[in-house]
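Participant: Structure of the sequence below:
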Amino acid sequence: MLRIHFTDADLARTRVARAPDPLWEVAFSLHRFQTRQGRRAYADWYRATTRALRDRGLARAVSTALLPLFFRGPYYPDFLTPAESRDGLAAGLAAVEDTPAGRVSEEVRLLTKVSTVPPWMLRLGEREVLRDVTRAIRAYHDLAIAPYGERIQSLIDADRSARARCLLDGGTERMLGELGPTMRWRPPVLHVDYPVQDRDLHLRGRGLRLVPSYFLWHGPVALADPALDPVLVYPLHHRPPTPAPTEPPGHGAPLVALLGRTRSAVLRAAAAGATTGELARLAGVSASGASQHAAVLREAGLITSHRRATMVLHTLTPLGAALLRNAERAE
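Facilitator: A predicted model of the protein is given here:
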């Protein structure tokens, strides 16, 4: 069990990441190769990525360098997922390369207590060795994560919309109380199911950054070092990702002509995230009518719908967002 202790200042400084954190996604996607847990949910991604790694000649680098480093177990080095990664892959990898050699060596030493590490990893504090690792991470990200970026972002947008509604309706405590079945809010402590170890994390006014992750399976994960900026990564629940078509249907066509006035209004309403009732009000139809239009758009791959407690939240898919952008240009 992980117990995260909040003060009033921490509640005010709690926030949800607006985009996927590339290095956390690298870490958790590599974990998908180390266990069969969740394999079915990622089956298409697993097959496509395994084939692409082999075809691009990266399979050996992943096997000998990245998998031992991003060990799926009770610990792997915190310096691999720096706070700077929230600003993108380049910023995150630059922070990894700038990690002091002493810290790198200490965290590798901690890794040796829970896993057998290859001899080269003991030299990871050497700048050139660390730079080789970041090159491998970048190549892996470009192949395994980047092609699914829009799909992952659409799921994060839907999740953030739901969190924002909780925040507006009941404040930060309401949002914390509805994070999911593996987390329970008992003021002023967030109790997180954490099989690795039993520990307490006192935020002490620093706040908490909540990071939704596509490739994390089952339970949330926090940094091992309590002195670092507090982060809690939690899993999104989703369908397996598939790359969106490069060009939406009706490219350049006016939206009303393509979908009809009511259905185009429903699609526009879903752009900011909307419940079925809100779709109905914005499109000027009944709730049952809005639900039917949403079903057609969902079957066409233009929106996605997620149930949150008693409501259903509709948001755009990458294909729906592309269609809306192109239609607005044409109009």
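
Participant: Correct me if wrong: residue 275 contacts residue 315.
Facilitator: No. With contact defined as Cβ atoms under 8 Å, residue 275 does not reach residue 315; the gap is 10.8 Å. (C-beta placed from N, C-alpha, C; glycine too.)

Participant: Which one's more surrounded, these two?
Facilitator: Using other Cβ atoms under 10 Å, the more surrounded residue of residue 275 and residue 315 is residue 315, with 24 against 21.

Participant: how much space between that one and residue 303?
Facilitator: 7 Å (Cβ to Cβ, to the nearest Å).

Participant: Mind listing the shared neighbours of these two?
Facilitator: The contact sets of residue 315 and residue 303 overlap at residue 270 (Cβ atoms under 8 Å, 6 or more residues apart in numbering).

Participant: And residue 273, how close does it get to residue 313?
Facilitator: From residue 273 across to residue 313, the span is 6 Å (Cβ to Cβ).

Participant: nope, residue 145 is what I was after
Facilitator: 25 Å.

Participant: Ok, residue 144 next?
Facilitator: When residue 144 is compared with residue 313 (using Cβ to Cβ), they lie 28 Å apart.

Participant: Compare these two and say which one has the larger neighbour count.
Facilitator: More crowded of residue 144 and residue 313, by other Cβ under 10 Å: residue 144, with 25 against 20.

Participant: Count the neighbours of the nearest residue to the more buried one once chain neighbours are set aside for me.
Facilitator: Nearest non-adjacent residue to residue 144, counting by Cβ to Cβ, 6 or more residues apart in numbering: residue 49, 4.7 Å away. By other Cβ under 10 Å, 22 other residues sit near residue 49.

Participant: mind listing what residue 49 touches?
Facilitator: By Cβ under 8 Å, 6+ apart, the residues touching residue 49 are 29, 143-144.

Participant: With respect to residue 213, which of those is nearest?
Facilitator: residue 29 (9.5 Å; Cβ to Cβ).

Participant: thought the closest one was touching residue 215?
Facilitator: Yes. Applying Cβ under 8 Å, one finds residue 29 in contact with residue 215, separated by 4.2 Å.

Participant: mind listing what's buried in the helix or strand harbouring residue 170?
Facilitator: Assigned by DSSP states H and E, residue 170 falls within helix 149-177. Neighbour-count burial for helix 149-177 flags 149-163, 165-167, 172-173, 175-177 (criterion: 16 or more other Cβ atoms under 10 Å).

Participant: For it, name the packing helices and strands.
Facilitator: Contacts defined by 3 or more Cβ pairs under 8 Å, 6 or more residues apart in numbering; DSSP states H and E place helix 149-177 against helix 8-12, strand 15-16, strand 183-186, strand 209-213, strand 303-308, strand 311-316, helix 318-330.

Participant: To residue 261, which of these lies closest?
Facilitator: Between the helices and strands packed on helix 149-177, helix 318-330 lies closest to residue 261; by Cβ to Cβ that is 12.8 Å.
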